[in-house]
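**Student:** heads up, no residue letters with this:
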């Protein structure tokens, strides 16, 4: 079941470096793409940096709306992640093609992607002197997490505890190949 | 054995989101710290973004030298990564305390940390209008990878193939706890 995650712990949803799905919406339009280059940059309030290439449909919708949702997909969704990472939202409706379900977010227009393990609702940081040239030069966006959610069988509010091989997060190798998140190591003495 | 990695493939050393060790040197001084918030931001030439807090010894040495080395530690080094992630280089010589060995880098003064699986030698991107305010506001540094190396039993020049439980990379959960990198999934159809 999807439960709210305290904002001060939201960084832990991405701290281990999983690959993500990034969704955006503006007016009637929406899109979703795969993004591996997403990381926390601050704890509280939680902030992210992510690379979303200029010219992509998702980037256009993020720029237009100032909002996005980062979803953390599962091993069971690996083929979907690979597919939406290569298709262009300019050419196909990925939601229709893959029968992607979604739920409304609480703070932003972008949707939470069904079947994922966690979700971070974000608003772009817009300090034009800094963020506009950063996006222009490096496709690097900064965003504040304004709400966060996780499946309670996978994240107990403090930490990930993946319950099965299928319900683990993914780490992108390259070309649509992934590692599953592995086992937790015993606590270092 | 450590072998050079082609620069255009260097992003693959970090693409799966491992936690890292960041080393810097300036004059006689050097330091190393743990950094989970490190990600590729470009392919060729390869570039990284990383968060290194202002006031840390490592940040001072990076700022002074304009250089750093990102090392990818192994499961066998988890306790070391946790230790150098909590100690301050202002207070202790971490190299001496932990008997950390290192090898000289090829392009920068910062060292390659012994026992790691891969290494990225980096020079800070310094576009003062962009990178100085980015570092000041978010402790976010941008760097270009100028040389890359990996152990050839773990990375074949194109992809990671971890040979054993101990020789896998780490993913930081929080508080010095880590996941090991898991198994590769079958290629999505």
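**Tutor:** Right, received. Where do you want to start? Everything quoted here is computed from the prediction, not taken from an experiment.
**Student:** quick one, strands of chain A?
**Tutor:** A:2-4, A:20-26, A:29-35, A:38-43, A:46-51, A:67-72, A:102-103, A:112-113, A:118-124, A:140-151, A:170-174, A:177-184 (DSSP state E).
**Student:** Let's have the ones you listed in JSON lines, adding distance to residue B:174 and mean pLDDT.
**Tutor:** Every C-beta, even on glycine, is put in place using the N, C-alpha and C of the backbone. What follows is the strands of chain A, written out as JSON lines (distance: least, Cβ to Cβ, whole Å; pLDDT from 0 to 100):
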{"stretch": "strand A:2-4", "distance to residue B:174": "18", "mean pLDDT": "98"}
{"stretch": "strand A:20-26", "distance to residue B:174": "18", "mean pLDDT": "98"}
{"stretch": "strand A:29-35", "distance to residue B:174": "22", "mean pLDDT": "98"}
{"stretch": "strand A:38-43", "distance to residue B:174": "10", "mean pLDDT": "98"}
{"stretch": "strand A:46-51", "distance to residue B:174": "13", "mean pLDDT": "98"}
{"stretch": "strand A:67-72", "distance to residue B:174": "15", "mean pLDDT": "98"}
{"stretch": "strand A:102-103", "distance to residue B:174": "27", "mean pLDDT": "98"}
{"stretch": "strand A:112-113", "distance to residue B:174": "23", "mean pLDDT": "98"}
{"stretch": "strand A:118-124", "distance to residue B:174": "14", "mean pLDDT": "98"}
{"stretch": "strand A:140-151", "distance to residue B:174": "14", "mean pLDDT": "98"}
{"stretch": "strand A:170-174", "distance to residue B:174": "17", "mean pLDDT": "97"}
{"stretch": "strand A:177-184", "distance to residue B:174": "11", "mean pLDDT": "97"}
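**Student:** Make CSV out of the ones you listed and add mean neighbour count and distance to chain B.
**Tutor:** Compiled in CSV, the strands of chain A are given as follows (neighbours: other Cβ atoms under 10 Å in any protein chain shown; distance: least, Cβ to the nearest Cβ, whole Å):
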stretch, mean neighbour count, distance to chain B
strand A:2-4, 13, 18
strand A:20-26, 27, 10
strand A:29-35, 22, 10
strand A:38-43, 20, 5
strand A:46-51, 24, 5
strand A:67-72, 27, 11
strand A:102-103, 16, 21
strand A:112-113, 25, 17
strand A:118-124, 25, 14
strand A:140-151, 22, 6
strand A:170-174, 23, 4
strand A:177-184, 22, 3
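**Student:** Nearest to chain B: which residue in chain A?
**Tutor:** residue A:17 (1.7 Å; Cβ to the nearest Cβ).
**Student:** residues contacting the residue nearest the centre of chain A?
**Tutor:** By Cα atoms, centre = their mean, chain A has its centre lying nearest to residue A:70, at 2.1 Å. Residue A:70 is in contact with A:14, A:20-22, A:35, A:38, A:48, A:50, A:119-120, A:122, counting by Cβ atoms under 8 Å, 6 or more residues apart in numbering or on different chains.
**Student:** do the same with residue A:87
**Tutor:** Counted by Cβ under 8 Å, 6+ apart, residue A:87 has contacts A:94, A:97.
**Student:** and if you look at the one 5 residues further on?
**Tutor:** Contacts were defined as Cβ under 8 Å, 6+ apart; by that measure residue A:92 touches no other residue.
**Student:** And the pLDDT at it?
**Tutor:** Here the pLDDT value assigned to residue A:92 is 96.
**Student:** From residue A:70, how far off is it?
**Tutor:** 22 Å (Cβ to Cβ, to the nearest Å).
**Student:** ok, so of the contacts of residue A:70, who is nearest residue B:171?
**Tutor:** residue A:14 (10.5 Å; Cβ to Cβ).
**Student:** what about that closest one, distance to residue B:172?
**Tutor:** 11 Å.
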